[in-house]
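> heads up, no residue letters with this:
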């Protein structure tokens, strides 16, 4: 099994969606060794917690909160997440399976259920 840290970029305002993400990480078949939350400076700690997150304050900005040295990460792998997604319990396991199958160094995924959107919305998204 691979060891990894989950890293989350947030402003701390995603509420229940953020809590769902934290809960989904707790339920993974391959659980993270750490959950590191990169919170924009000047924003309050999220009220939602599972009690094991490590909070790191960073400059605000979509890029600024991602283009970091990640000194807090002490594993070979990290799972980078926004604060409004949730992962199926075997989601990380499937990602690692794909990494091994394709001998990859990086894998990207889309956790949003686009396949369940109405056809008209999917067509509009494809055109835009």
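Arrived safely, thanks for sending. The model shown is predicted, which means the values in this text are computed figures rather than measured ones.

> Tell me the confidence at residue 65?
Model confidence at residue 65, given as pLDDT, is 83.

> Can you mark which positions in the worst-scoring helix or strand of the chain on mean pLDDT are buried?
Lowest on mean pLDDT, DSSP states H and E among the helices and strands of the chain sits helix 119-127, with a mean of 85. Within helix 119-127, no residue counts as buried by 16 or more other C-beta atoms under 10 Å. (C-beta placed from N, C-alpha, C; glycine too.)

> for that helix, the distance to its chain's centre please.
Its chain's C-alpha centre and that of helix 119-127 lie 26 Å apart, by C-alpha atoms, centre = their mean, to the nearest Å.

> name the helices or strands packed onto that helix?
Where contact means 3 or more C-beta pairs under 8 Å, 6 or more residues apart in numbering; DSSP states H and E, helix 119-127 is not packed against any helix or strand.

> Residue 6 and residue 40: what is the separation?
Distance, residue 6 to residue 40, by C-beta to C-beta, to the nearest Å: 18 Å.

> quick one: which of the two has more around it?
Applying other C-beta atoms under 10 Å to residue 6 and residue 40 shows that residue 6 carries more neighbours, namely 25 against 18.

> Give me the nearest residue to the more buried one, chain neighbours excluded.
Excluding its sequence neighbours, the residue lying closest to residue 6 (C-beta to C-beta, 6 or more residues apart in numbering) is residue 32, at 4.1 Å.
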